[in-house]
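Student: here is the input, now give the coordinates:
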Amino acid sequence: DNNVNIENYLVEKLFKNDIKYVITWNEFPYNLEKNIDHKLLWINPKYNDLFDDNLIKNIIELRMKGKLYIYFENIDSNKSIKSIKHFHIFINNLDDHKNNYL
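Tutor: From the prediction side, this is the model:
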């Protein structure tokens, strides 16, 4: 309504102080079971070249601290925000993971 470009808004909101990446709750989560949390890993566009698959995996592993999770990046045609590289992270939030799978 205010002629605000959503992608520019997100860059300004997410990457204050020139931060390289941030993990947030997805404000528009997919329709998931109650025990699944939906987060997003956002990469500052200035630093896209620094983030390869191994670094992405390491960041997520460190931040999930042993929780069961899966992550992926949507293909371009399915992205609602195309200019900011981001990954969906689904985390099993149950305490007992013995018989629970994502």
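
Student: every contact and neighbour count from this point should use C-alpha atoms.
Tutor: Will do.

Student: ranges for the strands of this protein?
Tutor: Secondary structure of the chain (DSSP state E): strands at 21-25, 36-43, 69-72, 86-92.

Student: which one of the ones you listed lies nearest to residue 15?
Tutor: Proximity to residue 15 (C-alpha to C-alpha) singles out strand 21-25 among those, at 7.2 Å.

Student: may I have the beta-bridge partners of the residue sitting nearest the centre point of the chain?
Tutor: By C-alpha atoms, centre = their mean, the chain has its centre lying nearest to residue 40, at 1.7 Å. Listed beta-bridge partners, residue 40: residue 24, residue 88 (assigned using DSSP bridges).

Student: right, and it touches residue 23 too?
Tutor: Yes. Between residue 40 and residue 23 there is a contact under C-alpha atoms under 8 Å: 5.5 Å.

Student: which one, of the strands of the chain, ends up nearest to residue 8?
Tutor: Nearest to residue 8, of all the strands of the chain, is strand 36-43, at 13.5 Å by C-alpha to C-alpha.

Student: and the helix-or-strand element of the chain with minimal mean pLDDT, what's buried?
Tutor: Lowest by mean pLDDT, DSSP states H and E among the helices and strands of the chain is helix 6-14, with a mean of 92. Buried residues in helix 6-14, counted by 16 or more other C-alpha atoms under 10 Å: 11, 14.

Student: do the same with stretch 71-88
Tutor: Applying 16+ other C-alpha under 10 Å to stretch 71-88 flags 71, 84, 85, 86, 87, 88 as buried.

Student: in a markdown table, list those along with pLDDT and distance to residue 6.
Tutor: Output for the buried residues of stretch 71-88, formatted as a markdown table (pLDDT from 0 to 100; distance: C-alpha to C-alpha, whole Å):
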| residue | pLDDT | distance to residue 6 |
| --- | --- | --- |
| 71 | 97 | 23 |
| 84 | 97 | 11 |
| 85 | 97 | 14 |
| 86 | 97 | 15 |
| 87 | 98 | 18 |
| 88 | 97 | 18 |
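
Student: now, the most widely separated pair of these?
Tutor: Of all pairs in the buried residues of stretch 71-88, the most separated under C-alpha to C-alpha is 71 and 84 at 16.4 Å.
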